[in-house]
Structure formats: C-alpha cells, structure tokens
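Participant: Quick one, fold the following:
(chains A and B)
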Amino acid sequence: MGAVGGSLLAGLVILGLITYHRKWPYLWREWITTCDHKRIGMMYIILALVMLVRGLSDAIMMRLQQALATGGSMGYLTPDHFNQIFSAHGSIMIIFMAMPFLVGLMNIVVPPQIGSRDVAFPFMNAVSFWLTAAGTMLVMASLGIGEFSKAGWSGYTSLTEKQFSPDTGVDYWIWAFQIAGVGSTLSSVNFLATIFKMRAPGMTFMRMPMFTWTSLFTSVLMLFAFPVLTAALLLLTLDRYLGMHFFSNDLGGNMMMYVNLFWTWGHPEVYIVVLPAFGVFSEVTSTFSGKRLFGYRSMVYATAAITVVSFAVWLHHFFTMGASPPVNIFFGIATMLISIPTGVKIYNWLFTMYRGRIRFTTPMYWTVGFLMTFSIGGMSGVLLASPPANYVVHNSLFVIAHFHNVLIAGTLFGFLAGYSYWFPKAIGFKLDEKWGKLAFWCWLTGFYMAFMPLYVLGFMGMPRRMHHFTNAVWHPWLILAAIGTAVIVAGVFCLGIQLVVSIRNRKINKDITGDPWDGRTLEWSVSSPPPEYNFAHIPVVNDLDAFTDMKERGTAYVRHERYFDILLPANSASGPLIGLLAFMLGFGMTWYIWWLAIAGVMGIIIVMIMRMSDDNTERVVTADEIGTIERKRHEMIASARNNEQPLRILP
Amino acid sequence: MRKRTRFALILLLHVSVLIFLSGCGQVIVLDPRGPVGDANRSVIMVAIALMLIVVIPVFILGFWFSFKYRAGGRALYRPNWSYSAKIDLVIWLVPIAIVTALGTLTWIETYRLDPYKPIRSTLQPVRIQAVSLDWKWLFIYPDHNVASINHCVFPAGTPLSFSLTSETVMTSFFIPQLGTQMYAMTGMETHLNLLASETGVYLGQNMQFSGRWFSNMNFRATAASPKDFEDWVKNVRRSDNMLDMKRYEQLAEPRASHPVLYFSPVEPGLFHAIIRRFAPAATHHGRASLSHAENN
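Facilitator: Residues are numbered from 1 along each chain as shown, chains lettered A, B, ... in the order given. Got it, this is the predicted structure:
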C-alpha cells in the first residue's frame, strides 16, 4: 500500500506542478505529440530511470526479506507478496528499464551518428514509445488495482496456467509484455531501415561507428526474437482465456514447449540489451583514450558472430530437463563459442587504451569497472554453459549472481556510461563529474558486496526465489548482500544528486561547441542540443572517425553560404492516443472488461486509418529559420574561441 | 593517487572474500559425498582454472594500461595506431584454444555424467520413484513396497536409480551433496542416477520455483548403512499404513508444509498410474521412459 501511495503521490505532485506552471501546452506541443527522435529518446530514458527506481525498490524489499526470514521468522512479507515482488523486479528491469534505456540511447545517438535528420519512420517511433509507456502503466497499475504475477518474470507454465494462477496477476504480466513487445518489434524495423537507408554519403558499412553497428545487430536480434515471445504469450493467452491446452499439465499440453519458446526469445534478449552497451564502451574508450578503436573489423565480426550464435544457445537455461547428452553438448558448446568473440571485444577495448592518452571522466570509470567485473561474469557464464557444472548450480543463487554480474556490470554500467557521455549532447550541458564518480564507486562496491555472496550461496545450494529458509549458514551471506544493496541505493541517490547539481550548475557546464569530449563521430559535429533538423547540410564522410577526420582537415566548423528548406515530421497526437488505447486494451483484457478491450482495438484501427489518410504529416523548416539558427551557433563558437576555450584537445 | 589506493583496497577486499569462501566448510556443492558430485565439482574447478587464463590478464592489463596511459603520463601516445595482426591473432586464438579445451572436457564429461546412465557397480541399484506435490515430496520404493513423504532413505555405497514425475507444476529434484539435479514434470518421467559414497544426513530440495510455499519444499536425505536401510524398510513395513490412489489423492491436496510420513504397503504401479492421470496414452515423453515403462 505504501508503494501505491508513494507512486500516486509522486505522480500527483508532478501533475500539480505542471498545471501550476501552466506547462501543459508546452508539454503537449514539445513532448507528448512529438515525432522528433531526440525528444522520443529522452522520454524513453526518463521512463527507464523511473522504472530503474521502481525495480530497485523491489530489489531492496527482496534482499531485506531474505536477510530477515530465517529460523522462526517469516520476514515481513507474505509469500504471495514476495513472489509478486521478484516477478515484478525481473519483468521491470528487463522490459521496462533495460529496453527503454537502450532504445532511448539508440534514438538519441544513431541518427546524428550516421548523419541523418531523423529515423526512417518518425511516427512509428512515437508509436513504439507510447506502446512501451502503455505496458509500463499496466505494470504500475497492478500495484494498486489487483495484483501482479506471482509466477516469476519468465512465467513458466504450467504455473502461469489458470489452474495454478487463477487471479489477474499473470494477465497483467502477459499484456504488459505483449504491448511493450510490439513496441520493441516496431523499433527494430525502424532502426534497421534507418541504418540501412539513411547513412550520410561516404559512410560505407565499414565506416559505421561501433555504436551504430551494435544498434544494427540489436535491431536484427529484436526483429527475429520478439515475435517468438509474442507467439508464446499468445498461446498462453489462448490457454488462459479460451481453455486451450498448449502448455497445460493434461490433455496433451507440454510445459517444456513454452519454456523452449520463451528462451528462444529470452536468450537473444540478453544480447539485445548488452550489445548496445558494448557499443557505448567502444565509443567511450576510443574517445577518452584519444585514439582510434583497436581492431575495428574484429569488433564488427565479433558482434556479428554473437548475433548469429545467440539464437542457438537457448537450451542452456534447462539442461536439467533430461535431454540426451548430444543435445546438451550442442547447446553447451554453442554457448561457450559466444565467449570467444566476447573475449576478443574485451581485449580490443584494452588495446584501445594501450598507447592512448586516457582521460578518466565518469564514462571512462564505468568502462574500466565494466571490463574487469564483466570478465568475472563471463567466467561464471561459461561455467554455467558446461552441462556437468550446470547440473549443480542451476536454479540456485549462483545463476542470479551470474546474470546480475553481466547485466549490471555489462548492460547497466554501459547505459550509465552512455548516459553521462551523451547527456551534454542531448541536453546541452555536462553532468557533474564528482557526483558521477561517487555514483560509480557506490555501484561498483555495492555490486560486489551484493552479488559475490550470491555466488557463494549458490555453491551452498541455496535455490533462487526463496521466501524464507531454515539453513542458518546462509544467513550471514544474505545480510552481506542486503548491505551491498544499500550501497547500490546510495549509488542511485548519487545519480539523483548529480542530476540536481548539474542542473543548478548548467551555465558553468554549458556545452557551447557541441563537442565537449573531443569526440570522434558525427553526433559531436552538431550543436548541443542539436537543432531539430540535426544537420543543416548532410555531411560527407571520409573516415571511420568522421568528425576527427574533419577536425584534422579543418572542415569541421565550416560556415555555409546557403541554406535550404528542410522537411520534418509534424507533431501527431495519434502516437499517444494509440498508447492510451493499447493501455485500455491491456487493462480490459486483464480484468475481462470486454467492451473496454474491444473499444481499445477498434480505437487503434480507427486512429491508424485516420493517420494513414492524413496528408499533412510533414512540416517545413524554412531556409531563413535554419540560417538564423546556424549563424547563432557559429557566433557562439567564435566567441568561445575568443575566450580561449580550446575547441580541441589534440596533441 | 588516492583513487588508485581506493581501487586497490576494494580489490583486496574481494580477494579476501574469495579466500574466506574457499576455507569454508559449508559450501556443500563443492563438498560432495558421491561420485556424481565429485565429477560435477572437478568440471567446475577445471573450467575456472582454464578461464582464469583469460580473466587474470584482463585485470592486469586493465590496471596497468589505466595507469600507464593516463592523461598527463609520459607514455608513448599513438592516436592512429589501431591494428596489430599479431595482437589480433593472439586475442582470437587464445580464447579459441581455451574453448576447444573446455568444449572437449564438456563433451566427454556430459556423456560420462549423463543423469540417465546407470552407475557402474556390482550391487543392484535401489529404485526410488519421486513425485513432487504441493509442497512436498513423495518417495516410492517399488522393490521394497514402502513409501515416504519428505524423507528419502537409501543405503550408502549402492547405486540409486531415481524416476521422477510431478503432480503439480514443474519442480527440480536436488540433493546438492550427491550432485546433479533433474526436473520433475507432470505427465512425464525423467531419470536420475546417484550414489552416496558415505553415510550421513543430507539436505534435499526442490530448486525450481513452484508457487506459494515453494520454500518449504525441502526434505531430509539419509544415506544409511545397508543394514540400517534394511532395518528402516522392515520398520516401515510393520506400520501397515497403506498408500493407494485414494490415499494419494488426499496427499496431493496443496498443503504449506507436511510432516514426515511412512507408508506400506504401496499399491503396485502407483507411480505410472500418477503419470497416466495427466497423459493417459503416454510414455512417449522423455527419452528413457519407453524402456523403463515396460519394467514396471
């Protein structure tokens, strides 16, 4: 109840402030109806950060419960409540934190990085975002109205069948995943088209920055993986709503069929969330080492190899189902193969630092912390890939330690590195370094304190998802893990303070030139934040590090004589409307309110038809407007030069 | 620099945690009491050792390069140096070599440790049929005509042949100190062969989350001497507490926790009757069930 009250109160305060400051028209015009990829990207990241706090609250409650519930004590949570919390934690962190964070970063970075003015389908981009938001709202609604799923984030059948989970929790989970999943599929189509078709002249595939490459491969994975999840959830829906028997215990149903389908999506999913983080590390290492990326081609091929092989490893999530040795060996060795390109990537980053001039900014801290911590996670991953070893640690806290080791130290560190690296580009001023580094140290020590004990507990035979336990020897390690969680919470507080301090000091930390880090790729060649149209003139690319190349040739800040009109996507209320209708559909289905669900579906169809027959989907930014904006920017750069603020920190 | 000392201190802390761990006697998975668990553990140890070949250099190079090539240092700076065929070759070949070694080990050990493979011994294996219920375990001894709830008794030194199924959702049967767990699934039969090399009382539990009172689904696993085992069987047989399908259906009712109970006699063929409750025609699920179904 506290959680409901807190969320509602926070929501009401924000809504109240918006009304008090009369910001609704501004919010509607500039954000809610926007089709600008930068704005959409920022909304994705705000969503991700909010959900990070929500997922973290779940983590705190879980760790506290396990630190208390031993011996005679049952802790402070009922089993039903505890089971909801860990189900929500996993669902939120993967689908409503990691996914929006990565799509947000892709939105902000990919178009300017490839010299494009927007994504290929700006309106579809808005739809993707609002569908993700609708899914998030369903999860949040389950806090107050009814319950969330109690069957784990992976929703194994037959526990999720009506027979064992008759309440609405599983339905909330299904529809939240389903709606956000459609959003992700649409995003992948969008970014594939953008990266394939909208690169600046001269940007061949082998001149594409590493982040764009990883975004491309992630989109490929999303396109092929998410429909499998959609299908699996649809079959489960048929079981639950129409009494069919795909995954039921009896009448020919087969629960392992669901488990196979789920992980056919689920394993590529972990590469979906980690590849963009690898892209961030590549950009950060190269920029702050002041050096080209080592072994770029190796890096591209390694990423490609991970993408392909990641579809042939899913069975390693259930080696203990009784499959024959050849089956287990195939999936075990396929999983180990993935560690080869991943290892190569780690060494590529290390050799990018080699013979560099490393500036230890916050993004670089996250990167070095990642390199070392992630290699431990990789080690435990290969261990889990070997069936004979897996047989004794499967389903234990060792698995939890492993995937948090790769998802926190890999994905989250990567996203937070990207957050502080591209923050000045998206917003226009730099984040505070002191608080950023403090956040890093809290996260790093907190991570080790919270998750190394879980490796130990795994070797002590402790299963995951335990509401209480009687084995007293586990207890000290769980207390240590709870303290570690507190240190991570301190890290999140530091991130919050960092944001406040940075906004207060925004004038001092203002990014005048648009190139605060001596960047190497095209996004740094435009102002911070970039104008709506990104590039007044589409740049011509001659090198992998396109902007470094321009700076060396002296073509970086050329003034143009003439400007031309640019067509940009017009605002549209259809995006948020579809999100709202999708929420109605999900909520209606969850609660069996058929008229609401039908209204949602019909509404979406009508809005789509109206949108398709709308001819005014673009608006013109005139050459004069562009000229004014561009001249102002060049004046600012010139005055910055006069103030002897060095534009470049080349040797 | 203060930051580096802090870094070093943190590293030291982690190392000491690891040492503390290795000296600890409570780490039961790494302290097995049977040949299967021994083999599981040795694969873990070899794998960790092999992977340290890649992981240790990451730590060394990470610290070394961070220090040596820091801005403000005087080390060589080559902004355009971005490739070396030699380094590229090494960083591809070393992981390939390690995965080849580890893959070979995995190949051999996965065949050797196939849970379905009977353990070689001069003694006849003891057959135990385990059924997971909400939220308890039922053990049926078809050759001894006894059964028990939440207490698995078996002779040490004798191969154990488990057959597993479930009355409820999927569960996973695991006695950590004997090694290798196996799923128990409704309407299906899976198999697991184990051996306890010494007598003792071990922890047994369900590893797969199975609903509200999942945490209570653990059981006592007693490896008795062969004589004690025979005595236990005799004792239970004297109890005259019949387990038939009707009694089983009462037991199958969900219950948060369940005291230890013993039964004898046991309705013949009860285990497969339980499987047929869900899959009337079936023994086609699971690769070994065909051959085993005919035995009973």
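
Participant: where does chain A dip in pLDDT?
Facilitator: Scanning chain A for pLDDT under 70 picks out the ranges A:1-2, A:643-651.

Participant: What helices and strands are in contact with the lengthiest helix in it?
Facilitator: Looking across chain A with DSSP state H, the single longest helix is helix A:255-289. Helices and strands touching helix A:255-289, as assessed by 3 or more CB pairs under 8 Å, 6 or more residues apart in numbering or on different chains; DSSP states H and E, comprise helix A:99-113, helix A:210-242, helix A:296-309, helix A:325-353, helix A:362-385, helix A:397-406, helix A:413-427. Yep, even glycine has a C-beta here, placed from its N, CA and C like the rest.

Participant: Including distance to chain B and mean neighbour count, could these go into CSV?
Facilitator: Formatted as CSV, the helices and strands packed on helix A:255-289 follow (distance: least, CB to the nearest CB, whole Å; neighbours: other CB atoms under 10 Å in any protein chain shown):
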stretch, distance to chain B, mean neighbour count
helix A:99-113, 19, 28
helix A:210-242, 12, 21
helix A:296-309, 6, 19
helix A:325-353, 4, 23
helix A:362-385, 4, 24
helix A:397-406, 8, 23
helix A:413-427, 14, 25
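
Participant: Just put these in JSON lines and tack on distance to B:S166.
Facilitator: Listed next are the helices and strands packed on helix A:255-289 as JSON lines, based on distance: least, CB to CB, whole Å:
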{"stretch": "helix A:99-113", "distance to B:S166": "33"}
{"stretch": "helix A:210-242", "distance to B:S166": "18"}
{"stretch": "helix A:296-309", "distance to B:S166": "33"}
{"stretch": "helix A:325-353", "distance to B:S166": "21"}
{"stretch": "helix A:362-385", "distance to B:S166": "24"}
{"stretch": "helix A:397-406", "distance to B:S166": "21"}
{"stretch": "helix A:413-427", "distance to B:S166": "40"}
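
Participant: These: which one's closest to A:S525?
Facilitator: The minimum distance between A:S525 and these falls on helix A:99-113, with 8.2 Å, by CB to CB.

Participant: The closest one versus helix A:413-427: what angle between them?
Facilitator: Orientation check (axes from the mean of the first three to the mean of the last three CA atoms, to 10 degrees): helix A:99-113 against helix A:413-427 gives 50 degrees.

Participant: between helix A:99-113 and helix A:255-289, how many degrees?
Facilitator: When the same axes, to 10 degrees is applied, the directions of helix A:99-113 and helix A:255-289 differ by 40 degrees.

Participant: tell me which strands and helices helix A:99-113 is in contact with?
Facilitator: helix A:37-68, helix A:122-144, helix A:169-197, helix A:210-242, helix A:255-289, helix A:413-427.

Participant: Now do that helix: distance to the chain's middle.
Facilitator: Relative to its chain's centre, helix A:99-113 lies at 9 Å (CA atoms, centre = their mean, to the nearest Å).

Participant: re earlier: compute the inter-axis angle for the longest helix of chain A and helix A:397-406.
Facilitator: Angle, helix A:255-289 to helix A:397-406, by the same axes, to 10 degrees: 40 degrees.

Participant: list the buried ones in helix A:255-289?
Facilitator: A:255-256, A:258-289 (16 or more other CB atoms under 10 Å in any protein chain shown).

Participant: quick one: the helices in the stretch 51-200 of chain B?
Facilitator: Taking DSSP state H, counting those that start in this stretch to define them, one finds helices in the stretch 51-200 of chain B at B:85-112.

Participant: quick one: A:L159 and chain B, what's the gap?
Facilitator: Using CB to the nearest CB, to the nearest Å, one gets 4 Å for the distance from A:L159 to chain B.

Participant: For that residue, give me its contacts.
Facilitator: A:151-152, A:165, B:169-170, B:209-211 (CB atoms under 8 Å, 6 or more residues apart in numbering or on different chains).

Participant: Residue 112 - nearest residue in space that isn't next to it in sequence?
Facilitator: You didn't say which chain, so I picked chain A. Once flanking residues are discounted, A:P112 sits nearest to A:E523: 3.8 Å by CB to CB, 6 or more residues apart in numbering or on different chains.

Participant: other chain: chain B
Facilitator: Nearest one to B:R112, counting by CB to CB, 6+ apart, is B:A39 at 6.8 Å.

Participant: Tell me how many other residues surround the one you found.
Facilitator: Other residues lying near B:A39 total 20 when counted by other CB atoms under 10 Å in any protein chain shown.

Participant: sorry, back to before: tell me how far the residue nearest to A:P112 lies from chain B.
Facilitator: Distance check for A:E523 against chain B: by CB to the nearest CB, it reads 20 Å.

Participant: List the contacts of that residue.
Facilitator: Listed by CB under 8 Å, 6+ apart, the contact partners of A:E523 are A:109, A:112-113, A:422, A:425, A:530.

Participant: Can you convert these into TSV and add a column each for distance to A:L577?
Facilitator: Below are these laid out as TSV (distance: CB to CB, whole Å):
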residue	distance to A:L577
A:V109	28
A:P112	28
A:Q113	31
A:W422	30
A:K425	30
A:P530	28
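
Participant: So which residues of the stretch 51-200 of chain B form strands?
Facilitator: Under the criterion DSSP state E, counting those that start in this stretch, the stretch 51-200 of chain B contains strands at B:126-133, B:136-141, B:146-149, B:151-155, B:160-166, B:171-174, B:182-184, B:190-194, B:200-206.

Participant: closest to chain A out of these?
Facilitator: Ranking those by proximity to chain A (CB to the nearest CB) places strand B:190-194 first, at 4.0 Å.

Participant: Show residues contacting that closest one.
Facilitator: A:321-322, B:34, B:36, B:115-119, B:125, B:159-165, B:173, B:175, B:178-184, B:286, B:288, B:292.

Participant: now that strand against strand B:126-133, angle please.
Facilitator: Using the same axes, to 10 degrees: strand B:190-194 against strand B:126-133 is 130 degrees.
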